[in-house]
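1. Structure here, sequence nowhere to be found:
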């Protein structure tokens, strides 16, 4: 398997206290993404982290 065939469908998203959203990273499994989100969630006040799955068409599944 080369890098072009690796699928990273799980995103960690951060929202700051002004409502701005940023993609923190992409991960292969939900468990991996959730572990990162949980570790970051306790660091900064007024920041929210969550996990979303990217749909097959490349958009967030929640879109």
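-> Looks like it arrived, so ask away. These figures come from a predicted structure and were not determined experimentally.

2. Please determine how far the residue nearest the centre of the chain is located from residue 25.
-> Geometric centre of the chain, nearest residue: residue 12, 1.4 Å, by C-alpha atoms, centre = their mean. As judged by C-beta to C-beta, to the nearest Å, residue 12 and residue 25 stand 5 Å apart. Where you see a C-beta, it was placed from the backbone N, CA and C, and this is true even at glycine.

3. what do those two both touch?
-> Shared contacts of residue 12 and residue 25, defined by C-beta atoms under 8 Å, 6 or more residues apart in numbering, are found at 33, 36.

4. The residue nearest to the centre of the chain sits in which helix or strand?
-> In the assignment (DSSP states H and E), residue 12 maps to strand 10-15.

5. contacting residues around that strand?
-> Residues outside strand 10-15 that contact it (C-beta under 8 Å, 6+ apart): 21-30, 32-33, 36-37, 40, 47-54, 60.

6. mind listing which of the residues you listed are in helices?
-> Mapping the contacts of strand 10-15 onto helices (DSSP state H) picks out 30, 32, 33, 36, 37, 40.

7. quick one on the thing from earlier: tell me the angle the strand holding residue 12 makes with helix 30-41.
-> Counting by axes from the mean of the first three to the mean of the last three C-alpha atoms, to 10 degrees, strand 10-15 lies at 20 degrees to helix 30-41.

8. what pLDDT, on average, does strand 10-15 get?
-> Throughout strand 10-15, pLDDT has a mean value of 96.

9. 30 is where my numbering starts, stick with that
-> All set: I'll call the first residue 30, so the last point we hit is now strand 39-44.

10. in its sheet, what does it sit against?
-> When pairing is defined by DSSP bridges, strand 39-44 lines up against strand 50-56 (antiparallel), strand 77-82 (antiparallel).

11. Among those, which comes closest to residue 36?
-> Relative to residue 36, the nearest member of the strands paired with strand 39-44 by C-beta to C-beta is strand 50-56, separated by 9.4 Å.

12. For that closest one, buried residues please.
-> Within strand 50-56, the residues scored as buried using 16 or more other C-beta atoms under 10 Å are residue 56.

13. Could you do stretch 76-84 as well?
-> Under 16+ other C-beta under 10 Å, the buried positions of stretch 76-84 are 78, 80, 81, 83.
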